[in-house]
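Visitor: based on what follows, work out the 3D shape:
(chains A and B)
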Amino acid sequence: MDNQILSIGGMTCAACAGRIERVVGKLPGVRRAAVNLASEKLFVEYDAADLPLSAIKEAVVKIGYEVLEKPQSGTVVIPVGGMTCAACAGRIEKALRRLDGVLEASVNLTAEKAFVTYDPKRLRVSALRAAIEKLGYRALEADRADAAEEDRLRKQREIRALWTRFVIAAVFSVPLLYIAMAPMITWVRLPFPAMLAPMRFPLVYALTELILVVPVMAVGHRFYTVGFRALWQRSPNMDSLIAVGTSAAFLYSIYNTWRITRGDYHAVDALYFETAGVIITLILLGKSLEAVSKGRTSEAIKKLMGLAPKTAVVFRDGAETEIPIDEVEIGDVLLVRPGAKIPVDGTVLEGHTAVDESMLTGESMPVDKQAGDAVYAATLNTNGAVRVTATRVGGDTALARIIKLVEDAQGSKAPIAQLADVVSGYFVPIVCAIALVSGAAWYIGTGDVSFSLTVFISVLVIACPCALGLATPTAIMVGTGKGAENGILIKGGEALETAHKVDTIVFDKTGTVTEGKPTVTDVLPAGTLSKEELWRLTASAEQGSEHPLGQAIVYGARAEGLPLSPAENFTALTGRGVEAAVDGAAVLVGNAALMEERGVALPRAGVNRLAEEGKTPMYVARDGQFAGIVAVADVVKPSSRAAIESLHRMGIEVAMITGDNHKTAAAIARQVGIDRVLSEVLPQDKSSEIQKLQREGKRVAMVGDGINDAPALVQADIGIAIGSGTDVAMESADIVLMRSDLMDVPTAIRLSRRTIRNIKQNLFWAFGYNTVGIPVAAGVLYLLGGPLLSPIFAAAAMSLSSVSVLTNALRLKRFRADREEARAV
Amino acid sequence: MKKLLLCALCAALPLLAACGALDVIGNDSVTAFDEMLNVLPAAADGDTWVLTAPDGAAAFVWSGDFGKTDAYDVWLELDAAPFTAAGLDPARLPAGMAQGRRLVAGVSLGAQTPAPETSASPVLSYGQIVTRARTRIGYHAAMDHFGVDLDGGFMFEWARDMTANDKDIVFVLDPEVFRRAGVDVGTVEGWTLATVETMDEAGRPVEVEKLLKPFDIG
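Guide: The predicted structure follows:
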């Protein structure tokens, strides 16, 4: 199965999205087709052997929408230095055009820039620069329009085009509305040209309105071409409603204009040109605002795309060469200078630096990197220059995978969206029926064609389901984007929706609640030894040890800057400890059994406390005398307690699952406030423990490192992989936390709850708006002595509904992660 | 879009070119005026045409030659007696309105002399008013009347279709002018004080008090 994401143009409402899904979904070989109205993307999973991609594109085009192709050509702007006159510009243009692969070249002398459109397959930017420099000018670093930039520019063009259309429509609609409404406003005497007085010059009045409305309808011609075509294909959409509504107003007005020419001057009171014009104008305004808001919903992905550097410095043939990022290959050795971004994923070969990985993980503190450490594309080298061997390039880098993951998530649908999909599929035909029935009923009841037409148009216009179509995808886009900004990768709408229902969270202990590596927690000297001396002595003896506990003591001592002495006659005593000669003294480090075996008398005080705290005491004897205890434990992460408190505040029960004995596990659980301990569980049994919880009726999220916890992550309702965005965890979990900070767990749950609440608000308003708006437009209130909704107000309300849904979704951008809160705790 | 704009422009151009034909009210008012004169002929009086009400108490007068008429080119002449009986103090009327036993209210439309054949026909003479002062010709939708606005709330109206209207001609006065001159406007013999719905110059519906003298002549 192949997956493709196609950019679709021309969609206006949920009915359009549903129609594309239905048509593409029915193609043989297509397994899944999902359209995101907000991002205007079609996600299609299909069998490329049965169905070429071109057939999918053709099917989309056939039903009246556009498949926006990425341009085959590239565009580059090269700043050029050294030009003095127009002849210089002409000379450069000529030289560039002569190059094979250059499609268009123009040089702006004033801006000192060469704008070149070229075929990247036949020509490199370096060749363009070389051609300029060959003429004696300076070609500076080029600005290439990359995919993200092209997408941004396309969106900008679309917004500008919509805005221009709106402005043109407004220029004609404002006088049209004035002419139509001024004679009706009796409480204030608005200036009005005598030559247009409807009861003196009715035909001039009607024709003036006609002349003003035609340009408005011309700029809104898309509503008619798409709307009537959809109607013709028996799949009406929002455009159909607008097209039918405004056409009815327009044609009825044309008929009344004809009546005026026949001497029926009363027909001047039944002109609805302004209704058609103002509806189109307001909808264009709504669409313009919608386009701006839609652009903001995908800012997160644009930010991610914008992170990638465009060039890399590689060592080739012993020299440093700057090449486009696309040309970097696995195994290339790259130079990353201080202040530069790491161009691709790689391993530090040489040098020492600190790298700011906040753009990937959200972690603000730079991470130390030295030879052997992994570095990731788009992260920032903050101080030392390093040489890096490229290990992953192009679409395989962590950044590219994150972008893909977020893109997929933003394109996916939450189960809650299905309701909107089902409703919007039936919505437009039902609205058409309601409009016809209510219009006919009012005509039968009153015999007034104008009145029944007003009702008919109002129902059609107010019932446009665009707010319904935008309610879910916009919130998911903003929610998942906000998560990505905070290092929380939510893999799809379903994960987002399920996460908000979680009532129990099970944490893996090692590496999740705890740091995952033993650390010296207590140094308790006996007799006259100082704390430092005991630690130094113990670490010196353990230098040759390969045991993790021994290594933790050595690592800790070094980190404390304690000078270690050489150990002689080192012997590892399997399962018990080590012995060695340090500074001429016989040092024994090990457990109680070893001490007993060697006849070293041990104190009882303090040892039980250490065990209760989950710590492992290492007894130390010097020359056969007890010298003290060095306790080692896998310490809890600084954020664990705050995270669990935060989850408790959210009403979530927290459990911990571990292979450790109950005493140790309980000690850790007490430290961080965990409610339930599942101890002595073998890795292969973790998923069955999750199942047990699920059988209790709980919605369980499992938080683990994503490798040994993989079955449990899959079994849980939500699997949350913590601590790595670069390994297999990204594949197995529903939510991936880029950092090892447990505070991201409540943040993810909170984000999920906020997003789902936002979706529900959006759906409430979209449904509520239509539920209230349609009866009002159909004249139910009027029947009861209330007001009748004017089609113009219906259009304004309809446009506002989409904008209000988008604005509500954009409120999610104000979401803040729990990190600051955690520090306060 | 360009095509659509072009089509719109093409459609609008002939309409604009036929601007004269667009004045349906002006043109139809001439036809209706002619039909009215067929029933109630106007009398020639020098350079003017006079349409006298069947009761003789009011007349609508219009000039055949604007160059020759002095104060007014279109006006109403009213018998002053009923107003005097209702308390009129002629000195309190606007200047020039009280002319002996007559009350006169009208407007001047210029000094242009028309072609002789125009002056010779009452209908063509009326057509001069439409041509010279089109904004004075209106349509009273509530009554289905055409009318000539003589300023100050004074009008003369005639039915578009006399066969379907019981008020074929109506002399319309502004009662306020007379009220200020001491007239008890509710008691002027032969005149009816009424509140009527009409439209102002911008076409806004307004309700105003009028003194009316309607006749069913057809």
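Visitor: quick check, A:Leu562 in a helix?
Guide: No - under DSSP: H, G, I helix; E, B strand; the rest coil, A:Leu562 sits outside any helix and is assigned coil.
Visitor: skipping adjacent residues, who's closest to it in space?
Guide: For A:Leu562, ignoring the flanking residues on the chain, the nearest one in space by C-beta to C-beta, 6 or more residues apart in numbering or on different chains is A:Arg536 at 4.4 Å. Placement of C-beta: from N, CA and C, glycine included.
Visitor: can you give me the strands in chain B?
Guide: B:43-45, B:48-52, B:58-63, B:74-79, B:98-99, B:102-107, B:137-140, B:145-149, B:155-159, B:169-173, B:192-199, B:205-215 (DSSP state E).
Visitor: and the ones you listed as a markdown table, adding mean neighbour count, mean pLDDT and distance to A:Glu329?
Guide: Converted to a markdown table, the strands of chain B look like this (neighbours: other C-beta atoms under 10 Å in any protein chain shown; pLDDT from 0 to 100; distance: least, C-beta to C-beta, whole Å):
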| stretch | mean neighbour count | mean pLDDT | distance to A:Glu329 |
| --- | --- | --- | --- |
| strand B:43-45 | 12 | 89 | 108 |
| strand B:48-52 | 19 | 93 | 103 |
| strand B:58-63 | 24 | 94 | 99 |
| strand B:74-79 | 23 | 94 | 97 |
| strand B:98-99 | 16 | 91 | 109 |
| strand B:102-107 | 20 | 93 | 94 |
| strand B:137-140 | 23 | 88 | 85 |
| strand B:145-149 | 23 | 92 | 90 |
| strand B:155-159 | 25 | 94 | 94 |
| strand B:169-173 | 25 | 95 | 96 |
| strand B:192-199 | 15 | 85 | 83 |
| strand B:205-215 | 17 | 89 | 81 |
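Visitor: for A:Tyr426, the count of nearby residues, please.
Guide: Neighbours of A:Tyr426 under the rule other C-beta atoms under 10 Å in any protein chain shown: 12.
Visitor: so which strand or helix has it?
Guide: If you go by DSSP states H and E, A:Tyr426 is part of helix A:415-446.
Visitor: burial count for the closest residue to chain B within the stretch 651-800 of chain A?
Guide: Per C-beta to the nearest C-beta, A:Ser790 is where the stretch 651-800 of chain A lies closest to chain B, at 18.0 Å. When neighbours are counted by other C-beta under 10 Å, A:Ser790 registers 16.
Visitor: just confirm it contacts A:Val461, I think it does.
Guide: No - proximity of A:Ser790 to A:Val461 does not meet the contact threshold set by C-beta atoms under 8 Å, at 10.0 Å.
Visitor: so which residue is dead centre in chain B?
Guide: Nearest to the mean C-alpha position of chain B, counting by C-alpha atoms, centre = their mean, stands B:Val148 at 2.4 Å.
Visitor: contact partners for that residue?
Guide: Contact analysis of B:Val148 by C-beta atoms under 8 Å, 6 or more residues apart in numbering or on different chains lists B:60, B:62, B:74, B:129, B:136-137, B:155-157.
Visitor: mind doing that once more with 6 Å?
Guide: B:136, B:156 (C-beta atoms under 6 Å, 6 or more residues apart in numbering or on different chains).
Visitor: so for stretch A:593-606, what's the average pLDDT?
Guide: Average pLDDT, stretch A:593-606: 82.
Visitor: would you convert the strands of chain B into CSV that also reports distance to A:Gly318?
Guide: Converted to CSV, these look like this (distance: least, C-beta to C-beta, whole Å):
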stretch, distance to A:Gly318
strand B:43-45, 118
strand B:48-52, 113
strand B:58-63, 108
strand B:74-79, 106
strand B:98-99, 118
strand B:102-107, 103
strand B:137-140, 96
strand B:145-149, 99
strand B:155-159, 104
strand B:169-173, 106
strand B:192-199, 93
strand B:205-215, 93
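Visitor: so which of those is nearest A:Val388?
Guide: strand B:205-215 (81.9 Å; C-beta to C-beta).
Visitor: let's see that closest one as CSV, backbone CA atoms only.
Guide: Provided in CSV are the C-alpha atoms of strand B:205-215 (Å, rounded to 0.1, in the frame of the first residue of the first chain):
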residue,chain,number,x,y,z
PRO,B,205,-42.3,56.4,2.6
VAL,B,206,-43.7,59.3,4.6
GLU,B,207,-47.1,60.1,6.0
VAL,B,208,-48.2,63.7,5.6
GLU,B,209,-51.3,65.8,6.0
LYS,B,210,-52.8,67.2,2.8
LEU,B,211,-55.8,69.2,1.7
LEU,B,212,-57.2,67.2,-1.2
LYS,B,213,-59.7,67.9,-3.9
PRO,B,214,-60.2,64.6,-5.9
PHE,B,215,-62.5,64.1,-8.9
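Visitor: next, the angle strand B:58-63 makes with it.
Guide: Interaxial angle, strand B:205-215 versus strand B:58-63 (axes from the mean of the first three to the mean of the last three C-alpha atoms, to 10 degrees): 100 degrees.
Visitor: what about strand B:205-215, near chain A?
Guide: No - against chain A, strand B:205-215 shows no contacts by C-beta under 6 Å from any C-beta of the partner chain, the least distance being 6.6 Å.
Visitor: by contact count, what packs against that strand?
Guide: In terms of contacts (3 or more C-beta pairs under 6 Å, 6 or more residues apart in numbering or on different chains; DSSP states H and E), strand B:205-215 is packed against strand B:169-173, strand B:192-199.
Visitor: quick one: it to strand B:155-159, angle?
Guide: 70 degrees.
Visitor: spell out which residues of chain A are next to chain B.
Guide: A:183, A:186, A:192, A:194, A:197-200, A:203-204, A:207, A:211, A:214, A:218, A:221, A:263, A:265.
Visitor: can you tell me which of the residues you listed are buried?
Guide: A:183, A:192, A:197-200, A:203-204, A:207, A:211, A:214, A:218, A:221, A:263, A:265 (16 or more other C-beta atoms under 10 Å in any protein chain shown).
Visitor: in helices only, show me these.
Guide: Mapping these onto helices (DSSP state H) picks out A:203-204, A:207, A:211, A:214, A:218, A:221.
Visitor: so who does A:Gly318 touch?
Guide: No residues are in contact with A:Gly318 under the rule C-beta under 6 Å, 6+ apart.
Visitor: against A:Glu329, how distant is it?
Guide: 17 Å (C-beta to C-beta, to the nearest Å).
Visitor: ok so, going back, who's in contact with the host helix or strand of the residue nearest to A:Leu562?
Guide: Element membership of A:Arg536, judged by DSSP H and E, is helix A:531-542. If you take C-beta under 6 Å, 6+ apart as the criterion, helix A:531-542 is touched by A:523, A:525, A:550, A:553-554, A:557, A:562, A:564-565, A:567, A:578, A:580, A:582, A:587, A:589, A:620, A:628, A:630.
Visitor: tell me the secondary structure of A:Ala371, please.
Guide: Under three-state DSSP, A:Ala371 comes out as coil.
Visitor: burial count for it?
Guide: Neighbour count for A:Ala371, taken as other C-beta under 10 Å: 12.
Visitor: one more: A:Ala48?
Guide: Quick note: A:Ala48 (other C-beta under 10 Å) scores 12 neighbours.
Visitor: with A:Ser530 instead?
Guide: Burial of A:Ser530 is recorded as 11 neighbouring residues (other C-beta under 10 Å).
Visitor: ok, B:Phe66 touching B:Gln112?
Guide: Yes - contact criterion C-beta atoms under 6 Å: B:Phe66 and B:Gln112 qualify, at 5.3 Å.
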